[in-house]
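Colleague: show me how the following folds:
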Amino acid sequence: MSWHSVTGSARRGSVVRLPFLVFVGVLSACNGASQTPPPAAQAERAPDRPKPSPKAPPARQKPAVVASASAAPPAPAPTPPAAPSATPAPPGMLPVPAGTFTMGSDAEGEEDERPAHRVTLKAFFLDEYEVTNGQYLECVTAKICKPWKADAAKAMKYGSEKEFRGSKKPVVGVSWDDAKSYCEWRGKRLPTEAEWERAARGDDARKYPWGSAFPDPKQHGCFQGCQGGATADVGSFPADAGPFGHHDLAGNVWEWIADAYDPYAYKRASADRGVPGTCEEIIAAQDELRAKKLEGYTGSNPIPTECERVLRGGAFNYHAKGLRSSNRVHHPGTWRLLVAGFRCAKDAS
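Modeller: Next up, the predicted model:
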């Protein structure tokens, strides 16, 4: 069973259902082509292609009067040119290699996490940490991003706003659109749901980003009353690293995901590519769940009546049992929650 909490009580379904270099492929991630990076994005320089080695001249043969045993051996074949270097990860990002992984769960969570299935993705980059207040403020100063919700803490009765606004703490009180705008300003994008779970579960279908050990509040992230009921600076828990080195994938803040929330996503023909249904298909699925009175299919919150957005990863007030990497939650993309932030992804190209 999963858990969600807005006020500190445990229940699943909300954020109110509140929530080395290694080789990198050169193909785009499944979420579609990235937009042309705006001026604030850092351009990536293609690595220099090494020049091919010159052919070695053929070995001279000794005169025929010399015994054949003393003849020089054949010249070795020319050494092929070295392959170009892998594209380096942009600053602040880590590569997630192409591969096939297990997404979802057959034994735990709600029905929207089933069935466990194999998904194949292309390589991509993902921010090592959640986007911070300091980073987001740069976008606000550039007049690209909207300011965060100034009373997000008060709205959820979580004390002073300043407890959540340290420059290295994850930004909160931002909507899905705010998150999308920021990532695009940086020349990036929001990760898809499948990409996020790939980064958290790796190749060994781990239950939590760090492995199978039950979450330890001293090692594995900010959750269940962390920091006296507030967020922690990103990267505060080195032992919480995921299979590819990313931090804070469990706890601290729920992370907005690019995809619309589809309760039937794992049962669709496109599930092996991590692609949810269209908005029309999602609405039809939600209507069907209501008609069948399967209210708990998506968790403790009411079944949506619109195309909501996915959030992943848990938050500072969330119960340890809900930090499983397959746990799915959803909310309207317009909501600006104290417990919701984000990180960005980028195609590996």
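
Colleague: what are the ranges of the strands in the chain?
Modeller: In the chain, the segments counted as strands under DSSP state E are 14-15, 18, 93-96, 99-103, 117-121, 124-127, 254-260, 309-312, 329-331, 340-341, 345-347.

Colleague: weakest of those strands in terms of mean pLDDT?
Modeller: Looking at these, the lowest mean pLDDT belongs to strand 18 (a mean of 36).

Colleague: longest helix anywhere in this structure?
Modeller: The residue-count maximum for a helix in the chain (DSSP state H) belongs to helix 279-291.

Colleague: next, the angle strand 254-260 makes with it.
Modeller: Relative orientation of helix 279-291 versus strand 254-260 (axes from the mean of the first three to the mean of the last three C-alpha atoms, to 10 degrees): 110 degrees.

Colleague: buried ones in helix 279-291?
Modeller: Glu281, Ile282, Ile283, Ala285, Gln286, Leu289 (16 or more other C-beta atoms under 10 Å). Just so you know, the C-beta spots here come from the backbone N, C-alpha and C atoms, and that holds for glycine as well.

Colleague: before we move on, what about stretch 117-133?
Modeller: By 16+ other C-beta under 10 Å, the buried positions in stretch 117-133 come out as 117, 119, 121-133.

Colleague: next one: stretch 268-281 to chain centre, how far?
Modeller: With C-alpha atoms, centre = their mean, to the nearest Å as the basis, stretch 268-281 stands 18 Å off its chain's centre.

Colleague: quick one: mean pLDDT for it?
Modeller: 98.

Colleague: buried sites along that stretch?
Modeller: For stretch 268-281, burial by neighbour count (16+ other C-beta under 10 Å) applies to Ala271, Gly274, Val275, Pro276, Gly277, Glu281.

Colleague: neighbours around Asp203, how many?
Modeller: 13 (other C-beta atoms under 10 Å).

Colleague: I'd assumed Phe101 was in contact with it.
Modeller: Yes: shown here, Asp203 and Phe101 form a contact pair, counting by C-beta atoms under 8 Å, at 6.1 Å.

Colleague: residue contacts, Gly159?
Modeller: By C-beta atoms under 8 Å, 6 or more residues apart in numbering, the contact set of Gly159 is Ala153, Gly229, Ala230.

Colleague: what number of residues lie near the first one?
Modeller: Neighbour count of Ala153, defined by other C-beta under 10 Å: 21.

Colleague: any idea how far the closest residue to it other than its chain neighbours lies from Gly134?
Modeller: Leaving aside its chain neighbours, Ala153 sits nearest to Glu161 (4.6 Å; criterion: C-beta to C-beta, 6 or more residues apart in numbering). Taken as C-beta to C-beta, to the nearest Å, the spacing of Glu161 relative to Gly134 amounts to 16 Å.

Colleague: and for Cys145?
Modeller: Per C-beta to C-beta, Cys145 is found 13 Å from Gly134.

Colleague: what of Arg206?
Modeller: Noted for Arg206: a distance of 31 Å to Gly134, by C-beta to C-beta.
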